[in-house]
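Peer 1: generate a structure from the sequence data that follows.
(one chain, ligands or ions: 2)
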Amino acid sequence: TAPKTYNIVLLPGDGVGPEVTAAAKAVLGVIADFYGHRFEFSEHLIGGAGIDATGDPLPPETTAACLAADGVLLGAVGGPKWDGQKRRPEEGLLGIRKAMGLFANLRPLQVSPVLAHRSPLKKEIVEGVDLIVFRELTGGVYFGEKTRTDSMASDLCIYSVEEIERVTRAAFKTALQRRGKVTSVDKANVMETSRLWREVVTRIHAEEFPQVQLEHALVDSMAMHLIRKPREYDVILTENMFGDILSDEISVLGGSIGLLPSASLGEAGPGLFEPIHGSAPDIAGQDLANPVGTILSAAMMLRHSLELEDEATSIEAAVAAVLAAGATTADLGGELGTRAAAEAIIDAIKAIH
Ligand code: NAI
Ligand code: MG
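Peer 2: Ligands and ions are numbered 1, 2, ... in the order given. As a prediction, the model looks like this:
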């Protein structure tokens, strides 16, 4: 039978973005060969690159291409070059998240033995951590009405039942494919939105996912538990601002910022996948950036948007093997450049097959 064709949009963006997306594209090419798929790539402008070429950080044709894609892989946007200009690169990122209707931001973290000793925490605490954060992305205090007078300011925190339900379902579904545990984080002792959050999560659990183990945690004590016993968590589900803060806390538990992937998902349609790091202007254009965060983001794209689970797992296994062997970029103490690090992962994929 003819190979299935998947339409993948690449948004390289700024700084190290083009280098890390090129690395991930090379890995995806090898996966397509091994599994008999056709990945059709198209590159589009976003961020500073969009401003430089068209004056617009999110040209309309970029949005159209993303909406028509099977999956979208982004590098990074921004940098000092665009400071003080009237259009900002970040507008591109916020705009595309909105246009694609992305409401759940996923950030997985796994701390292997090799990475555990690079953590600022004790090895015994972080070794073996394997968790994923589901952060609601469209509601809460960041998007509520804002007021300002000379003597006061306010930010309104709003959540609808529907907004809570959709991210909750996504988190429970993922828990079924993992260790089957969800920790829902709120501030239900103080906030009405959190009391609604807890009610909705409890109901969805009882009605649709009773086989998953559910626990509720208050965000302040959760911040502490994540440092004391991070291995206890599997899926962490939370609202927008709490998730913003906790996911940065979690990102330092193991390894380097260059390693960590993320996914942003909507109801249907393609997701947007990107490393958590920024454009790293200090190392851009020098073949120094760690491509692993973007390569693992590409694996998440295969899993969540293209529904190619075996293909995703094989990228993740190759990355784990390469890191365990110490074949890394300088941020992890290794000697490889961006391209050589991607080649090492490609070799590991070939070795697995
Ligand atoms: P950053 O993540 O770009 O860099 C922080 C530090 O980590 C730097 O020392 C950098 O060299 C290092 N680093 C980052 N990625 C790396 C990689 N793949 N391999 C090795 N080392 C890596 O954060 P920073 O410096 O705060 O921001 C730089 C620019 O990126 C700013 O314009 C910021 O607005 C933008 N940014 C964009 C994001 C996005 O596109 N989603 C997210 C965060 C920042
Ligand atoms: Mg943040």
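Peer 1: can you pull the buried residues of the host helix or strand of Glu215?
Peer 2: Per DSSP states H and E, Glu215 falls inside strand 213-218. Using 16 or more other C-beta atoms under 10 Å as the test for burial, strand 213-218 gives 214, 216-218. Where C-beta positions appear, they are placed from N, C-alpha and C, glycine not excepted.
Peer 1: cool, and stretch 248-261?
Peer 2: 250-251, 253-256, 258-261.
Peer 1: just stretch 290-309 next, same as before
Peer 2: Buried, per 16+ other C-beta under 10 Å, within stretch 290-309: 290-306, 308.
Peer 1: which bits of the stretch 201-350 of the chain sit near ligand 1?
Peer 2: 257-258, 274, 277-283, 289-290, 293, 331 (C-beta under 6 Å from any ligand atom).
Peer 1: which residue comes closest to Pro57 once chain neighbours are left out?
Peer 2: Counting by C-beta to C-beta, 6 or more residues apart in numbering, Gly92 is the residue found nearest to Pro57 once chain neighbours are left out, at 3.6 Å.
Peer 1: how about the helices in the chain?
Peer 2: 17-35, 47-54, 60-68, 90-99, 113-116, 123-126, 161-177, 192-208, 219-228, 240-251, 292-304, 309-324, 338-352 (DSSP state H).
Peer 1: can you say which of those helices is packed in most?
Peer 2: Of all these, helix 292-304 carries the top mean neighbour count, a mean of 27, counting by mean count of other C-beta atoms under 10 Å.
Peer 1: how close does the most centrally placed residue in the chain sit to Lys229?
Peer 2: Centroid check for the chain by C-alpha atoms, centre = their mean gives Ser262 as the closest residue, at 0.9 Å. For Ser262, the distance to Lys229 equals 24 Å [C-beta to C-beta, to the nearest Å].
Peer 1: distance to Ala342 added to the buried residues of strand 213-218, as CSV?
Peer 2: CSV is the format used below for the buried residues of strand 213-218 (distance: C-beta to C-beta, whole Å):
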residue, distance to Ala342
Leu214, 39
His216, 41
Ala217, 38
Leu218, 42
